[in-house]
Structures are given as C-alpha cells and as structure tokens.
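Participant: Let's see this in three dimensions:
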Amino acid sequence: MDAVAALNEIAFWLEREGAATFKVQAFRKAAGIIAGLDPSEVASRARDGRLKSMKGIGDRTYQVVRQAVDGEVPEYLEGLRQRSAVPLADGGAELHAALRGDLHSHSDWSDGGSPIQLMADAARLLGREYLALTDHSPNLTIANGLSAERLTEQLDVVATINAAAVDGKKDGFRLLTGIEVDILESGELDQSPDMLERLDIVVASVHSKLRADRNTMTRRMLQGIQNPRTNVLGHCTGRLVEGSRGTRPPSDFDAREVFAACAESNVAVEINSRPERQDPPDDLIQLALDAGCLFSIDSDAHAPGQLDFLQYGAARAAHNNIPAERIVTTWPLERLLEWSARDWQKLD
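Facilitator: Residues are numbered from 1 along each chain as shown. Just a heads-up that it's a prediction; the model follows:
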C-alpha cells in the first residue's frame with residue numbers, strides 16, 4: 001500500500017485512541033518526510049536501509065514504510081485497524097450509522113493540529129458526506145482566531161479541495177465553509193455580517209466570562225441565538241468534566257428561555273461529542289428536547305482522529321431518546337444547506 005497513506009492512517013487511529021501527541025506526530029512527521037520523495041526513491045531507500053538514517057524516521061516508522069513498499073499492509077496498521085473495530089462508546093450504533101456529517105471541526109489555521117486537507121481526508125475515511133470547517137473567530141486570540149482576511153483565504157482553500165477529484169473522480173464528499181464564532185459579551189457575533197453570510201455553517205459559542213451571572217449570560221446567549229446567521233449553538237454550558245485542562249462547572253443561564261429561543265429561531269443545539277465536554281448535560285438535553293429544538297451531533301475535532309468522537313455524541317443522543325429526524329447531521333446535504341441558509345433572505 002502507499003507508505004504515506006499508511007503512516008497517516010496510523011496517526012489517525014492513534015489519535016482516535018487518545019494516544020500521546022508525540023507518538024501521533026512521529027508518524028505524521030514521517031509521512032511528511034517521505035511525501036517529498038519520489039515513491040521509487042522511498043522504496044529504494046527502504047529496501048537498502050538508507051531510510052533509517054533520515055532524520056525523523058525511527059525504527060517503527062521505518063518498519064511501516066518497508067512493509068508498505070513491499071506491497072503489504074503494515075503489521076502495526078493492521079493491529080490498529082483491528083482495535084478500531086471495537087466501538088468507542090456503548091450504545092447509539094444505529095444513530096451513529098445514520099449520521100451523514102459533522103458541523104464543528106478545527107484545522108491548524110486556528111487551534112487544530114492538522115492541515116485542512118488532512119481533516120477532509122479523515123472525514124472521507126470515516127464515510128462522512130460532509131464536514132464543516134469551523135475555525136475560531138478573531139476575538140479568541142489564544143486559539144489564533146481568523147480575521148476576515150484569513151477567513152477569506154481559507155474559503156479559497158476549501159473551494160480548491162472541493163474542486164479536486166479523488167482517484168480521478170468526485171466521491172460526493174463536501175467540505176463546508178464555516179466558523180465557530182464567539183458570542184461576545186455584547187451578544188454580537190465576532191465576525192462581520194457580510195463574512196458570515198458567505199459561510200455554509202455558523203456555530204456560535206461562548207468562550208469567555210463563563211462565570212457571569214445568570215441574567216447576563218442568558219441575555220448574551222439569546223442575542224447570539226437570535227442573530228439570523230447563527231445555525232448551531234455550540235457547547236452551550238462550557239463545562240469540562242475530565243481531561244488535561246481539568247474540570248470546569250457549567251455556566252449559569254436560563255436554559256428554558258435559551259432553548260425556547262433556539263426552537264423559535266430554528267437554531268440547532270449542539271451535542272458536543274468531546275469526552276471532556278459531554279455538553280449539554282443530560283438534564284439540559286431533555287429540556288431542549290421538550291422545547292422542540294433541533295440538535296447537531298458534532299465532534300469539535302481538533303485533529304483527524306477526533307472526528308470519530310461522533311460515536312460518543314450518538315450514544316448520548318440515543319440515551320436521551322432524541323429522534324434521528326431532529327438531528328440535522330443525519331440530513332442529506334441539500335436539506336442541511338436549505339436549513340442553514342433559511343434566514344439570510346431577511347437580511348437586507
């Protein structure tokens with residue numbers, strides 16, 4: 001098999017398992033090194049051992065390349081594939097199988113760890129029909145949020161990826177333009193209206209002053225939800241329940257009022273699939289369900305392997321008895337885009 005593809009796939013499965021970043025990057029770095037060589041040169045260096053002396057190629061990555069150029073599926077990759085057959089989450093398999101796409105992901109243009117193309121390739125590997133690229137907005141400087149100028153450049157990159165054929169033909173996959181835009185303290189969205197109107201998907205999230213009082217946070221969220229360009233309310237409580245960043249309690253807001261506004265504005269409530277977030281909590285999912293809200297099961301992936309975190313979100317949605325029809329990421333692309341563009345005609 002292709003050695004570069006083998007190394008990148010290994011990195012993907014390791015990421016999915018939650019392996020240490022340095023281990024994942026070792027395979028991705030090796031893939032980048034040999035990608036710059038002619039395949040015949042890679043094969044020659046692998047067979048005579050010269051590849052071992054190249055900086056960034058270790059014993060394990062050399063073994064993978066050697067087996068790949070000899071026409072084998074590398075043993076290490078085969079083992080990872082077998083382990084990946086075990087589901088990440090208990091339950092939700094039927095709902096997970098119904099998911100067509102993912103509306104929340106990040107690349108190395110903001111605080112993600114991988115190029116846009118690699119994120120798109122991983123989504124294809126998982127059988128997604130669409131993936132929204134939603135890097136951060138400019139206010140979130142710690143996450144290298146995108147200015148209008150950088151976002152404009154990113155739109156060209158996305159257009160190029162969508163125009164390219166895979167193995168000589170189009171495969172139906174679509175990378176959607178998008179943003180995870182901050183809901184500012186004022187309730188305004190952290191990007192120009194004209195720029196937001198150019199995007200397929202707008203995920204609006206609160207990232208700052210998470211300990212604000214109940215009334216302040218409720219007003220802020222309501223204004224963000226009621227903006228006609230908002231499609232998805234991202235990780236609504238901001239809580240963290242585990243992980244390297246520690247834990248964080250949920251924000252305090254009037255959930256009934258917020259979810260009523262989501263239902264009225266046709267904004268989907270995100271079920272954030274990251275294990276450290278598990279946001280919203282089950283009691284709020286039930287409130288949103290009772291309010292008549294739509295939902296979006298999203299990975300919030302910051303690396304290719306994390307795109308498979310949708311399994312966790314599907315399990316939580318199934319546990320809470322959310323009908324598949326109420327989950328926008330089960331919808332075919334045409335219907336999804338009709339929904340996401342629903343209110344722009346009112347913006348004169």
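Participant: so where's the protein shaky on pLDDT?
Facilitator: Scanning the chain for pLDDT under 70 picks out 165-170, 342-348.
Participant: where along the stretch 201-348 of the chain do the helices fall?
Facilitator: Under the criterion DSSP state H, counting those that start in this stretch, the stretch 201-348 of the chain contains helices at 214-226, 255-265, 282-290, 310-319, 333-340.
Participant: now those in TSV, with distance to residue 273 and mean neighbour count?
Facilitator: Where you see a C-beta, it was placed from the backbone N, CA and C, and this is true even at glycine. Putting the helices of the stretch 201-348 of the chain into TSV (distance: least, Cβ to Cβ, whole Å; neighbours: other Cβ atoms under 10 Å) gives the following:
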stretch	distance to residue 273	mean neighbour count
helix 214-226	21	19
helix 255-265	19	19
helix 282-290	13	17
helix 310-319	3	24
helix 333-340	18	16
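Participant: can you tell which of these is closest to residue 81?
Facilitator: helix 310-319 (16.2 Å; Cβ to Cβ).
Participant: I'd like to know which elements the closest one is packed against.
Facilitator: Contact partners of helix 310-319 among helices and strands, from 3 or more Cβ pairs under 8 Å, 6 or more residues apart in numbering; DSSP states H and E: helix 93-98, strand 268-272, helix 282-290, strand 295-298.
Participant: What residues of stretch 245-255 count as buried?
Facilitator: 248, 250-255 (16 or more other Cβ atoms under 10 Å).
Participant: so which two of the residues you listed are the farthest from each other?
Facilitator: 248 and 254 (19.8 Å).
Participant: circling back: got a markdown table for the helices and strands packed on helix 310-319, with distance to residue 312 too?
Facilitator: What follows is the helices and strands packed on helix 310-319, written out as a markdown table (distance: least, Cβ to Cβ, whole Å):
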| stretch | distance to residue 312 |
| --- | --- |
| helix 93-98 | 9 |
| strand 268-272 | 9 |
| helix 282-290 | 13 |
| strand 295-298 | 9 |
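Participant: To residue 175, which of these lies closest?
Facilitator: Judging the helices and strands packed on helix 310-319 by Cβ to Cβ, what sits closest to residue 175 is strand 295-298, at 15.0 Å.
Participant: sorry, back to before: just so I know, which of the helices of the stretch 201-348 of the chain lies nearest residue 162?
Facilitator: It is, among the helices of the stretch 201-348 of the chain and with distance given as Cβ to Cβ, helix 333-340, at 11.8 Å.
Participant: Residue 6 against residue 71, yeah?
Facilitator: No: in this structure, residue 6 is not within contact of residue 71 by Cβ atoms under 8 Å, at 11.5 Å.
Participant: For these two, work out which one has more neighbours and name it.
Facilitator: residue 6 (24 against 7; other Cβ atoms under 10 Å).
Participant: Going by secondary structure, that one is in what exactly?
Facilitator: helix 3-17 (DSSP states H and E).
Participant: Return the member of the buried residues of stretch 245-255 nearest to residue 284.
Facilitator: After measuring the buried residues of stretch 245-255 against residue 284 - Cβ to Cβ - the closest member comes out as residue 255, at 5.4 Å.
Participant: domain parsing for this protein?
Facilitator: 3-84, 93-346 (automatic domain parsing).
Participant: what's the most buried one of the ones you listed?
Facilitator: domain 93-346 (a mean of 19; mean count of other Cβ atoms under 10 Å).
Participant: Mind naming the longest strand for this protein?
Facilitator: Ranked by residue count and defined by DSSP state E, the top strand of the chain is strand 174-182.
Participant: Return the alpha-carbon coordinates of that strand using PDB.
Facilitator: Extracted C-alpha coordinates of strand 174-182, given in PDB (Å, rounded to 0.1, in the frame of the first residue of the first chain):
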ATOM      1  CA  ARG A 174     -18.200  18.200   0.500                       C
ATOM      2  CA  LEU A 175     -16.100  20.300   2.800                       C
ATOM      3  CA  LEU A 176     -18.400  23.100   4.100                       C
ATOM      4  CA  THR A 177     -17.200  26.600   4.800                       C
ATOM      5  CA  GLY A 178     -17.800  27.700   8.400                       C
ATOM      6  CA  ILE A 179     -16.700  29.300  11.600                       C
ATOM      7  CA  GLU A 180     -17.000  28.800  15.300                       C
ATOM      8  CA  VAL A 181     -17.800  32.400  16.100                       C
ATOM      9  CA  ASP A 182     -17.600  33.900  19.600                       C
END
